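> can you look at this prediction? I've put the sequence above it.
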Amino acid sequence: MSIRKSLIISNAAMIMIPVILFFLYFLLLNVVIGGGMKNWTQNFQHRWQTQPSGTNNQLFTDLKKTASLESEKFLNPSFTDSITKKLTGKNVGVIIRKDEKSLYISNRIKDLKNEKLPSFGNEGYMAATWIGDHPYALWQHDFYFQDGTKGSILLLDEGVPFIQFAKKFFPMIFIGLVIIVVFTNALLSLFMSRRILKPIEQLADAASNISQGQLDFKLASSSKNELGKLVNHFDEMRQKLKNAAELREQYERNRKELIANISHDLKTPITTIRGYVEGIKDGVANTEEKLKRYLNTIHIKAAQLDHLIDELFLFSKLDMNGIPFYFENVDIMAYLKDYVEELRLEMRQENVRLFLEIKGDSRTNVLLDRDKMIRVMNNIIYNSVKYGDKDQCKICISVEEQGDLIEVSIGDNGPGVPSGDLSSIFNHFYRGDPSRNSTTGGSGIGLAIAAQIIKAHGGMIWAESPPGQGLIIKFTLSKQEETGDHA
């Protein structure tokens, strides 16, 4: 329920509940103090009845009949005395007027002689008429005397207990009303404040925690109103801040690791180059053969440095999306056949047997950047050459359709990678075992570059290493319709 609806209902309840409770309180007070339920029922009925009750009605009827047939009787003292006798013990009084002057006033209401009474023409029933300082139920019958003057019969019933009771017990009623209103408003205010203040306090505590850098907590609200939604959205923001902080920490760790790895991989060839240069300067290479060997080593290490710097530069550009891709709609089967044919001769010289296995249709198009994809294939294959079987290295490239995707697998017969390290081999400078170090001539970021390029193609790349089957690296590319090339 929205806050607006809750406030409307609460405000309505602040009116309705006190009214209901006050009515019950008044009823209970009347029952306990005012004569019981029977008296209350009679009083309630009396409040709305239009005719006098019981013998009072008979008396009033007789007086009206007399007024109609023998109005002059009202001038006879003996007749009015008979009225006085009939009123003995009753809670009512009678006034008979002629030409707005009282001919007769019963003993019970003698005090009203000088009070202003309803004038001729107000015939009927008046439920609660204040005459003087007292309320009466009043029935008035207007008629004409035989001489044509105006006359009225007024029957006044003192029994208006509702007003009398209220007047008599006003302090108790007022105190009860105040207690009911205060109690109701306090209870409803507490209920509404808990619904509103609790989520606000949650948000305040959460904001305080966030300002202190504490993000490991959970906000939750089962409420469906605006504050409940705000609490849940605030928790989503906290989670995003936490993820961003964790990502920033991960980037910082990666940066430090990258710097450490770069320092290590640069220092190793530089140390070697420096050692050989000092050897030449000190005359250690005292023969032409030694000098040639020293210079060749320096050349190899310098080439490794140059390659490492190129790889680092490429990885950095890929990581910052700083390298443009020129995508073409290419027949992947023909593309891989041409690539394998060009590479096969070089692999033979390295004592590497290269195989291509195509499964499915002979022609399937994908969207790729030709040069970047060659970089991916080279990085994966040369990684397999470095860590494959030195006596007879085998590399198998297989291609097959997987629904809307093309899956390319490149497997070798090397020692493989421990299952716990498979998710890490695409991290820069990964070396899963002591044999995978800078002495193999790798930069340590070839597979990381391959992963970045595949990601830019919208594909996925992962590694598998079944026991005794070496390392298998797989990646996917989305199939395309046969259309023209585009960048």
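That came through, no problem. Numbering: from 1, shown residues only.
> show me the contacts for residue 370.
By Cβ atoms under 8 Å, 6 or more residues apart in numbering, the residues touching residue 370 are 326, 328, 330, 335. All C-beta spots, glycine's among them, are computed from the backbone N, C-alpha and C.
> 7 Å instead, please
For residue 370, the residues meeting the contact criterion (Cβ atoms under 7 Å, 6 or more residues apart in numbering) are 328, 330.
> and it, how far from residue 317?
Going from residue 370 to residue 317 by Cβ to Cβ, to the nearest Å gives 18 Å.
> do the same with residue 348
Remark: distance between residue 348 and residue 317 (Cβ to Cβ) = 34 Å.
> next one: residue 92
With distances taken as Cβ to Cβ, residue 92 is found 110 Å from residue 317.
> by mean pLDDT, flag the weakest helix or strand of the chain.
Ranked by mean pLDDT, DSSP states H and E, the weakest helix or strand in the chain is helix 36-48, scoring a mean of 49.
> now do the strands in the stretch 1-150 of the chain.
For the stretch 1-150 of the chain, the strands defined by DSSP state E, counting those that start in this stretch occupy 92-98, 101-105, 124-131, 134-144, 150-157.
> what's next to the first one, contact-wise?
Right, the one you point to is strand 92-98. Residues lying outside strand 92-98 but in contact with it, judged by Cβ under 7 Å, 6+ apart, are 56, 74, 83, 87, 102-106, 108-109, 117, 145, 149, 151-157.
> let's see that with 6 Å instead.
Strand 92-98 is contacted from outside by 56, 74, 83, 102-106, 108-109, 149, 151-157, using Cβ atoms under 6 Å, 6 or more residues apart in numbering.
> can you list the strands that that strand pairs with?
strand 101-105 (antiparallel), strand 150-157 (antiparallel) (DSSP bridges).
> do the same with the longest one
For strand 134-144, the pairing partners within the sheet under DSSP bridges are strand 124-131 (antiparallel), strand 150-157 (antiparallel).
> what's the mean pLDDT across that strand?
Summarised as a single mean, pLDDT over strand 134-144 is 83.
> check the first one too.
For strand 92-98, mean pLDDT rounds to 86.
> distance check, residue 482 against residue 275.
58 Å.
> those two: who's more crowded?
Taking neighbours as other Cβ atoms under 10 Å, residue 482 and residue 275 compare with residue 275 leading, 15 against 9.
> quick check, the more buried one in a helix?
Yes. Assessed by DSSP: H, G, I helix; E, B strand; the rest coil, residue 275 belongs to a helix.
> measure stretch 274-291 end to end?
14 Å (Cα to Cα, to the nearest Å).
> need the contact partners of it.
Applying Cβ under 6 Å, 6+ apart, the set of residues contacting stretch 274-291 from outside is 294, 297-298.
> what about residue 284, which SS state?
When the structure is reduced to helix, strand and coil (three-state DSSP), residue 284 reads as coil.
> adding mean neighbour count, write the strands paired with strand 92-98 out as JSON lines.
Formatted as JSON lines, the entries for the strands paired with strand 92-98 read as follows, by neighbours: other Cβ atoms under 10 Å:
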{"stretch": "strand 101-105", "mean neighbour count": "15"}
{"stretch": "strand 150-157", "mean neighbour count": "22"}
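> out of those strands, which comes closest to residue 10?
In terms of Cβ to Cβ, the element of the strands paired with strand 92-98 nearest to residue 10 is strand 150-157, at 43.6 Å.
> please enumerate the strands of the stretch 351-487 of the chain.
352-358, 365-368, 393-402, 405-412, 461-464, 472-480.
> of all these, which lies closest to residue 28?
Ranking the strands of the stretch 351-487 of the chain by their distance to residue 28 (criterion: Cβ to Cβ) puts strand 461-464 first, at 79.3 Å.
> pLDDT weak spots in the stretch 101-250 of the chain?
Across the stretch 101-250 of the chain, the ranges flagged by pLDDT under 70 are 113-114, 127-128, 132-133, 159-170, 173, 193, 195, 221-224.
> ok, how many other residues are close to residue 419?
If you count neighbours by other Cβ under 10 Å, residue 419 ends up with 12.
> for it, give its distance to residue 17.
Relative to residue 17, residue 419 is positioned 68 Å away (Cβ to Cβ).
> next one, pLDDT for residue 380 please.
The per-residue pLDDT reported for residue 380 equals 92.
> ugh, wrong one, I meant residue 411
For residue 411, the model assigns a pLDDT of 92.
> wait, isn't it in contact with residue 474?
No. Residue 411 sits out of contact with residue 474 when judged by Cβ atoms under 6 Å, with a separation of 8.9 Å.
> the more surrounded of these two?
Per other Cβ under 10 Å, whichever of residue 411 and residue 474 has more neighbours is residue 411, with 24 against 16.
> quick one: residue 22 from residue 123, how far?
For residue 22, the distance to residue 123 under the criterion Cβ to Cβ works out to 36 Å.
> so which of those two has more stuff around it?
In this view residue 22 and residue 123 are compared by other Cβ under 10 Å, and residue 22 has more residues nearby, 17 against 13.
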